[in-house]
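Peer 1: A predicted structure for the sequence below; I have some questions about it.
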Amino acid sequence: MPIPTEPIGSIPRPPELLAAMRARAARQISDEQFHAAKEAALRDTISRLEATGSPVITDGEQTKPSFATYPLVGLENLAADGVTIPFADGHTRQLPRLTRGPFRYGVHAVTYLKAAQRHAHRPVKQAVISASALSLLYPQNGLNGYPREVFLEDLVQDAARDIRECLEANAACVQSDFTEGRLALKLDPSGGLLNTFIELNNRVLDKFSDAERKKIGVHTCPGGDHDSTHSADVDYAGLLPQLFRLKVGRFYVQLASEVDRRRVLSTIRNLLKPGQMLFVGVTDPINPKTESPETVRDRVLEAAEFIPLESLGTTDDCGFSPFADDTSTSRETAFAKVKSRIEGTAMAAKILGI
């Protein structure tokens, strides 16, 4: 396809897998039964993504507990009372809190990538969580014997390993999820927290060559969980100049649900560097209505007025189910939106003559 198009990551899990997750937590099924349920969901998700015609696929994050917390699986130095993230509809998500050092990932993303590659017939991209998101695990009052800077160095090392292992395993690309970027401006309107996040993520990216960074991207959105967001009321104008300081080759930017897309595109046009790719969101996962291919086509044509065609790609605004228990969007709706994205992108490419 002349205009590249990629999913962000998560697809709603099938009811059978969700039931198996609950049963496993209650110790009602064996490891073998749980593994079988995960494999069935993974095979079905990959098969259905490939059936949409998607040139690049993901594992749908079927076996992740969430897009943010997969590295924490199996860790014993965490408490439940960490940072709380409020959403516009009143529900919250709470991160764990680190109770002692050192910090090490319990699971690395390459585990999910290799599992998907066993079933896939198309290139597989891999989403990873940003170092800045995991930095929120460290308590504000510190930890005896484990200074914050030592924690951050440990975090940077493991975050870099998370990306490198996926590149070495032939991921089509690696996408760092940075949904906390816009949230940072809500928590600290001065921009200080956002600047800290950008600098920390660049410490990770500094460990890669220019060629490697062309296959590394960053995804931004205002959060999407149970059909609500945590920071859609924050103006993109405060985020975008900082976002484009990140040393990546690919930017995945939520746009379909923005009120004034043209203003955002105009800002990005002046920030995007030669050789970088911009994947614009053309479907809105938290809108229950499935976009028609014609709607997607028109959004692509709109973006092409601002972004050079050689730098333009399309994507979904966010993952469809970033937390395993989010069933607000059905699998059928998610796959229908993906199919519309692919068909609409192809329609726009034909009109643009590429």
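Peer 2: Perfect, I can see it now.
Peer 1: element containing Tyr252?
Peer 2: strand 250-253 (DSSP states H and E).
Peer 1: Just give the strands next to that strand in its sheet, each with its orientation.
Peer 2: According to DSSP bridges, strand 250-253 forms sheet pairs with strand 216-220 (parallel), strand 277-283 (parallel).
Peer 1: average model confidence for stretch 295-310?
Peer 2: Taken as a whole, stretch 295-310 has a mean pLDDT of 98.
Peer 1: contacts for it?
Peer 2: 3, 255-256, 261-262, 265-266, 268-269, 272, 278, 280, 282-283, 312, 314, 340-341, 343-345, 347-349, 351-352, 354 (C-beta atoms under 8 Å, 6 or more residues apart in numbering). All C-beta spots, glycine's among them, are computed from the backbone N, C-alpha and C.
Peer 1: re the thing from before, mind giving me JSON lines with the strands paired with strand 250-253 and columns for mean pLDDT?
Peer 2: Shown next, in JSON lines, are the strands paired with strand 250-253 (pLDDT from 0 to 100):
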{"stretch": "strand 216-220", "mean pLDDT": "98"}
{"stretch": "strand 277-283", "mean pLDDT": "98"}
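Peer 1: What segments of the stretch 101-250 of the chain are strands?
Peer 2: 126-129, 174-177, 216-220, 250-253 (DSSP state E, counting those that start in this stretch).
Peer 1: Would you format these as a markdown table with mean neighbour count included?
Peer 2: Formatted as a markdown table, those follow (neighbours: other C-beta atoms under 10 Å):
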| stretch | mean neighbour count |
| --- | --- |
| strand 126-129 | 26 |
| strand 174-177 | 26 |
| strand 216-220 | 24 |
| strand 250-253 | 26 |
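Peer 1: Including distance to Ala304, could these go into CSV?
Peer 2: Shown next, in CSV, are the strands of the stretch 101-250 of the chain (distance: least, C-beta to C-beta, whole Å):
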stretch, distance to Ala304
strand 126-129, 26
strand 174-177, 22
strand 216-220, 20
strand 250-253, 15
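Peer 1: now stretch 221-235: mean pLDDT?
Peer 2: For stretch 221-235, mean pLDDT rounds to 87.
Peer 1: Revised request: answer the last question for stretch 16-31.
Peer 2: 94.
Peer 1: list the buried ones in it?
Peer 2: 17-18, 20-21, 24, 29 (16 or more other C-beta atoms under 10 Å).
Peer 1: Which residue would you name as the spatial centre of the protein?
Peer 2: The chain has Asp177 as the residue nearest its centroid, 3.8 Å off, counting by C-alpha atoms, centre = their mean.
Peer 1: Next up, the contacts around that residue.
Peer 2: For Asp177, the contact set (C-beta under 8 Å, 6+ apart) comprises 9, 67-68, 127-130, 133, 219.
Peer 1: Can you spell out which residues form a bridge with it?
Peer 2: Ile129, His219.
Peer 1: That one and Arg203: what is the separation?
Peer 2: Distance of Asp177 to Arg203, given as C-beta to C-beta, to the nearest Å: 17 Å.
Peer 1: So, low pLDDT: which residues of the protein?
Peer 2: The model of the chain has pLDDT under 70 over residues 1.
Peer 1: hmm, back to that, take the buried residues of stretch 16-31 and keep only those in helices.
Peer 2: Applying DSSP state H to the buried residues of stretch 16-31, the entries found in helices are 17-18, 20-21, 24.
Peer 1: and which of the residues you listed is nearest Thr333?
Peer 2: Leu18 (16.3 Å; C-beta to C-beta).
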